[in-house]
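Visitor: model this:
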Amino acid sequence: FWNHKGGTIVFGPDGYLYIAIGDGGFRDDPKGNGQNLNTLLAKILRIDVDHADAGKKYAIPKDNPFVGQEGKQGEIWAYGLRNPWRIAFDRSTGTLWCADVGQDLWEEIDLITKGGNYGWRVREGVHRFGPKGSAPRKDLVEPIWEYHHDLGKSITGGTVYRGKLLPMLDGAYLYTDYISDKIWALRYDEKKRRVVANQPITDPRIPILSFGEDEAGEVYFLTVSISGRGIYRFVPDEKAK
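Guide: Numbering: from 1, shown residues only. Below you'll find the predicted structure:
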(Lines give C-alpha, C1' and ligand atoms only; values in the text may rest on other atoms or scores of the structure.)
Protein backbone atom coordinates (compact mmCIF):
# COMPACT_ATOMS: atom_id res chain seq x y z
CA PHE A 1 0.00 0.00 0.00
CA TRP A 2 1.04 3.63 -0.25
CA ASN A 3 1.68 4.43 3.42
CA HIS A 4 3.61 3.28 6.51
CA LYS A 5 6.99 2.76 4.90
CA GLY A 6 9.81 4.94 6.21
CA GLY A 7 10.26 5.92 9.83
CA THR A 8 13.85 6.81 10.69
CA ILE A 9 17.45 5.88 9.99
CA VAL A 10 19.89 6.49 12.82
CA PHE A 11 23.29 5.18 13.86
CA GLY A 12 23.40 3.53 17.28
CA PRO A 13 26.20 3.81 19.84
CA ASP A 14 27.44 0.44 18.55
CA GLY A 15 28.13 1.95 15.11
CA TYR A 16 25.38 -0.01 13.36
CA LEU A 17 22.57 1.59 11.35
CA TYR A 18 19.04 1.19 12.75
CA ILE A 19 16.13 1.50 10.33
CA ALA A 20 12.49 1.91 11.37
CA ILE A 21 9.92 0.70 8.84
CA GLY A 22 6.10 0.70 9.11
CA ASP A 23 3.76 -2.20 8.42
CA GLY A 24 3.24 -1.44 4.73
CA GLY A 25 0.01 0.50 5.09
CA PHE A 26 -3.77 0.33 4.96
CA ARG A 27 -5.96 -0.42 8.00
CA ASP A 28 -5.59 -3.38 10.35
CA ASP A 29 -2.28 -4.55 8.85
CA PRO A 30 -4.18 -6.77 6.37
CA LYS A 31 -1.11 -8.77 5.35
CA GLY A 32 -0.15 -9.48 8.96
CA ASN A 33 3.31 -7.95 8.55
CA GLY A 34 3.60 -6.93 12.19
CA GLN A 35 3.96 -10.52 13.43
CA ASN A 36 5.63 -11.93 10.31
CA LEU A 37 9.39 -12.33 10.76
CA ASN A 38 9.85 -13.15 7.08
CA THR A 39 9.25 -9.53 6.02
CA LEU A 40 11.18 -6.36 6.83
CA LEU A 41 7.97 -4.35 7.22
CA ALA A 42 6.74 -3.36 10.71
CA LYS A 43 10.24 -3.73 12.10
CA ILE A 44 13.32 -2.05 13.49
CA LEU A 45 16.27 -3.28 11.42
CA ARG A 46 19.98 -3.27 12.34
CA ILE A 47 22.69 -3.48 9.70
CA ASP A 48 26.44 -2.99 9.30
CA VAL A 49 27.17 -0.42 6.56
CA ASP A 50 30.97 -0.80 6.86
CA HIS A 51 31.01 -4.34 5.50
CA ALA A 52 29.09 -6.38 2.95
CA ASP A 53 27.74 -9.92 2.96
CA ALA A 54 27.59 -11.90 -0.28
CA GLY A 55 24.94 -10.46 -2.57
CA LYS A 56 24.26 -7.45 -0.33
CA LYS A 57 25.46 -3.85 -0.08
CA TYR A 58 25.73 -4.24 3.71
CA ALA A 59 26.38 -6.90 6.33
CA ILE A 60 24.04 -8.36 8.94
CA PRO A 61 25.54 -8.23 12.45
CA LYS A 62 26.09 -11.74 13.77
CA ASP A 63 24.41 -10.91 17.10
CA ASN A 64 21.11 -9.82 15.57
CA PRO A 65 18.37 -11.91 17.24
CA PHE A 66 17.12 -13.87 14.21
CA VAL A 67 20.33 -14.46 12.26
CA GLY A 68 20.44 -17.89 10.62
CA GLN A 69 16.89 -18.84 11.59
CA GLU A 70 14.78 -20.34 8.81
CA GLY A 71 11.91 -18.14 7.63
CA LYS A 72 13.17 -15.10 9.55
CA GLN A 73 15.00 -12.07 8.17
CA GLY A 74 18.39 -11.56 9.80
CA GLU A 75 18.22 -7.76 9.58
CA ILE A 76 15.39 -7.62 12.14
CA TRP A 77 16.23 -6.19 15.56
CA ALA A 78 12.64 -5.77 16.89
CA TYR A 79 9.14 -6.20 15.46
CA GLY A 80 5.39 -5.71 15.92
CA LEU A 81 5.36 -1.98 15.12
CA ARG A 82 2.66 -0.22 13.11
CA ASN A 83 4.20 3.10 12.04
CA PRO A 84 7.31 3.94 14.09
CA TRP A 85 7.55 7.73 13.75
CA ARG A 86 10.36 8.24 15.01
CA ILE A 87 13.21 6.39 16.76
CA ALA A 88 16.12 7.98 18.66
CA PHE A 89 18.93 6.92 20.97
CA ASP A 90 19.47 8.61 24.31
CA ARG A 91 23.06 9.79 23.91
CA SER A 92 23.64 9.37 27.67
CA THR A 93 22.20 5.89 28.33
CA GLY A 94 22.08 4.33 24.85
CA THR A 95 18.38 3.49 25.26
CA LEU A 96 16.47 3.30 21.96
CA TRP A 97 13.14 5.19 22.09
CA CYS A 98 10.31 4.71 19.61
CA ALA A 99 7.00 6.51 19.09
CA ASP A 100 4.55 4.23 17.29
CA VAL A 101 1.51 5.78 15.60
CA GLY A 102 -1.75 4.05 16.51
CA GLN A 103 -4.81 3.33 14.38
CA ASP A 104 -8.13 3.39 16.21
CA LEU A 105 -7.69 4.76 19.74
CA TRP A 106 -4.16 4.76 21.17
CA GLU A 107 -0.74 6.31 20.47
CA GLU A 108 2.25 4.74 22.22
CA ILE A 109 5.89 5.13 23.26
CA ASP A 110 8.17 2.08 23.40
CA LEU A 111 11.67 1.30 24.60
CA ILE A 112 13.17 -0.95 21.93
CA THR A 113 15.08 -4.04 23.01
CA LYS A 114 16.80 -6.82 21.09
CA GLY A 115 14.25 -9.26 19.69
CA GLY A 116 11.31 -7.44 21.27
CA ASN A 117 7.78 -8.02 19.95
CA TYR A 118 5.71 -4.84 20.39
CA GLY A 119 2.38 -6.42 19.63
CA TRP A 120 0.97 -4.96 16.43
CA ARG A 121 -1.57 -6.05 15.11
CA VAL A 122 -2.88 -7.94 18.12
CA ARG A 123 -2.24 -5.03 20.50
CA GLU A 124 -2.67 -1.25 20.30
CA GLY A 125 -1.07 0.50 23.25
CA VAL A 126 -1.79 -1.71 26.28
CA HIS A 127 -5.10 -2.89 24.80
CA ARG A 128 -6.40 -5.81 22.77
CA PHE A 129 -6.74 -4.82 19.11
CA GLY A 130 -9.51 -6.12 16.86
CA PRO A 131 -11.47 -9.39 16.91
CA LYS A 132 -8.26 -11.45 16.79
CA GLY A 133 -6.48 -9.32 19.37
CA SER A 134 -4.53 -10.62 22.33
CA ALA A 135 -4.59 -10.12 26.07
CA PRO A 136 -1.21 -9.23 27.66
CA ARG A 137 1.36 -11.96 27.06
CA LYS A 138 4.86 -12.56 28.38
CA ASP A 139 6.26 -12.54 24.85
CA LEU A 140 4.79 -9.11 24.05
CA VAL A 141 6.53 -5.91 25.18
CA GLU A 142 4.07 -3.32 26.48
CA PRO A 143 4.64 0.39 25.79
CA ILE A 144 5.88 2.55 28.65
CA TRP A 145 3.31 5.24 27.79
CA GLU A 146 0.14 5.71 25.78
CA TYR A 147 -2.46 8.39 25.20
CA HIS A 148 -5.98 8.29 23.85
CA HIS A 149 -7.16 9.90 20.62
CA ASP A 150 -9.01 12.55 22.58
CA LEU A 151 -5.53 14.10 23.17
CA GLY A 152 -4.10 13.57 19.70
CA LYS A 153 -4.19 11.16 16.79
CA SER A 154 -0.67 10.88 15.37
CA ILE A 155 2.37 10.78 17.64
CA THR A 156 5.65 12.29 16.46
CA GLY A 157 8.56 10.87 18.42
CA GLY A 158 11.41 13.07 19.52
CA THR A 159 14.51 12.49 21.56
CA VAL A 160 15.83 12.59 25.11
CA TYR A 161 17.15 16.07 25.85
CA ARG A 162 20.85 16.14 26.81
CA GLY A 163 21.74 19.74 25.94
CA LYS A 164 22.88 22.65 28.12
CA LEU A 165 20.46 25.42 27.11
CA LEU A 166 17.47 23.94 28.97
CA PRO A 167 18.74 22.17 32.12
CA MET A 168 15.14 21.78 33.38
CA LEU A 169 14.57 19.32 30.52
CA ASP A 170 17.67 17.17 31.07
CA GLY A 171 16.74 13.51 30.73
CA ALA A 172 13.21 14.20 29.45
CA TYR A 173 11.92 12.57 26.27
CA LEU A 174 10.41 15.30 24.09
CA TYR A 175 7.54 14.26 21.81
CA THR A 176 4.45 15.74 20.19
CA ASP A 177 1.24 14.93 18.34
CA TYR A 178 1.01 15.96 14.69
CA ILE A 179 -2.77 16.50 14.80
CA SER A 180 -3.22 18.31 18.12
CA ASP A 181 0.17 20.16 18.05
CA LYS A 182 0.69 19.41 21.75
CA ILE A 183 4.24 18.83 23.04
CA TRP A 184 5.22 16.95 26.19
CA ALA A 185 8.34 16.18 28.20
CA LEU A 186 8.13 12.61 29.49
CA ARG A 187 10.37 11.31 32.28
CA TYR A 188 11.03 7.61 32.67
CA ASP A 189 12.77 6.06 35.67
CA GLU A 190 14.78 3.15 34.26
CA LYS A 191 15.39 1.67 37.73
CA LYS A 192 11.70 1.72 38.66
CA ARG A 193 10.78 0.91 35.02
CA ARG A 194 7.92 3.37 34.92
CA VAL A 195 7.04 6.88 33.80
CA VAL A 196 7.27 9.38 36.66
CA ALA A 197 6.17 12.56 34.85
CA ASN A 198 4.61 13.78 31.61
CA GLN A 199 4.70 17.57 31.50
CA PRO A 200 3.22 19.78 28.76
CA ILE A 201 5.44 22.27 26.92
CA THR A 202 4.14 25.49 25.40
CA ASP A 203 2.13 24.64 22.27
CA PRO A 204 3.89 26.03 19.16
CA ARG A 205 0.57 25.93 17.26
CA ILE A 206 2.15 24.26 14.24
CA PRO A 207 2.14 20.58 13.22
CA ILE A 208 5.51 18.98 13.98
CA LEU A 209 6.82 16.39 11.52
CA SER A 210 10.07 15.41 13.18
CA PHE A 211 12.75 16.24 15.74
CA GLY A 212 16.52 16.43 15.54
CA GLU A 213 19.49 17.29 17.70
CA ASP A 214 22.86 18.90 17.06
CA GLU A 215 26.32 17.84 18.26
CA ALA A 216 25.76 19.69 21.56
CA GLY A 217 22.50 17.86 22.28
CA GLU A 218 20.23 20.84 21.63
CA VAL A 219 16.88 19.81 20.16
CA TYR A 220 15.14 21.12 17.03
CA PHE A 221 11.76 20.40 15.50
CA LEU A 222 10.54 20.53 11.90
CA THR A 223 7.34 21.61 10.20
CA VAL A 224 6.09 22.09 6.64
CA SER A 225 6.75 25.64 5.42
CA ILE A 226 6.15 27.26 2.03
CA SER A 227 8.66 29.96 3.05
CA GLY A 228 11.39 27.43 3.80
CA ARG A 229 11.47 28.51 7.44
CA GLY A 230 10.53 25.15 8.85
CA ILE A 231 13.26 24.40 11.40
CA TYR A 232 12.74 25.61 14.98
CA ARG A 233 14.60 25.09 18.24
CA PHE A 234 13.65 24.94 21.89
CA VAL A 235 14.67 27.98 23.99
CA PRO A 236 13.95 29.08 27.57
CA ASP A 237 10.59 30.75 28.19
CA GLU A 238 11.53 34.22 29.40
CA LYS A 239 8.01 34.81 30.73
CA ALA A 240 8.34 31.82 33.04
CA LYS A 241 11.38 33.24 34.82
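
Visitor: quick one: least confident helix or strand in the chain?
Guide: In the chain, no helix or strand scores lower on mean pLDDT, DSSP states H and E than strand 6-11, which sits at a mean of 90.

Visitor: for the helix or strand following that strand, which outside residues touch it?
Guide: Proceeding N to C from strand 6-11, the next assigned helix or strand is strand 17-21, under DSSP states H and E. The contact list for strand 17-21, computed with C-beta atoms under 8 Å, 6 or more residues apart in numbering, reads 5-12, 40-49, 58, 75, 77, 81, 84-87, 96, 98. No exception for glycine: its C-beta is placed from N, CA and C like everyone else's.

Visitor: narrow these to those that are buried.
Guide: For those, a burial check counting by 16 or more other C-beta atoms under 10 Å picks out 7-8, 40-48, 58, 75, 77, 81, 84-87, 96, 98.

Visitor: now go through those residues and say which are in strands.
Guide: Using DSSP state E, the members of those that fall in strands are 7-8, 43-47, 77, 84-87, 96, 98.

Visitor: pipe these into JSON lines and attach distance to Tyr173 per row.
Guide: Shown next, in JSON lines, are these (distance: C-beta to C-beta, whole Å):
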{"residue": "Gly7", "distance to Tyr173": "17"}
{"residue": "Thr8", "distance to Tyr173": "15"}
{"residue": "Lys43", "distance to Tyr173": "22"}
{"residue": "Ile44", "distance to Tyr173": "17"}
{"residue": "Leu45", "distance to Tyr173": "22"}
{"residue": "Arg46", "distance to Tyr173": "21"}
{"residue": "Ile47", "distance to Tyr173": "25"}
{"residue": "Trp77", "distance to Tyr173": "20"}
{"residue": "Pro84", "distance to Tyr173": "15"}
{"residue": "Trp85", "distance to Tyr173": "14"}
{"residue": "Arg86", "distance to Tyr173": "12"}
{"residue": "Ile87", "distance to Tyr173": "12"}
{"residue": "Leu96", "distance to Tyr173": "12"}
{"residue": "Cys98", "distance to Tyr173": "11"}
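
Visitor: farthest-separated two in the residues you listed?
Guide: Ile47 and Trp85 (20.2 Å; C-beta to C-beta).

Visitor: which strand residues bridge Tyr147?
Guide: Beta bridges link Tyr147 to Glu107, judged by DSSP bridges.

Visitor: was I right about it contacting Leu105?
Guide: No. The criterion here is C-beta atoms under 8 Å, and Tyr147 misses it with Leu105 at 9.9 Å.
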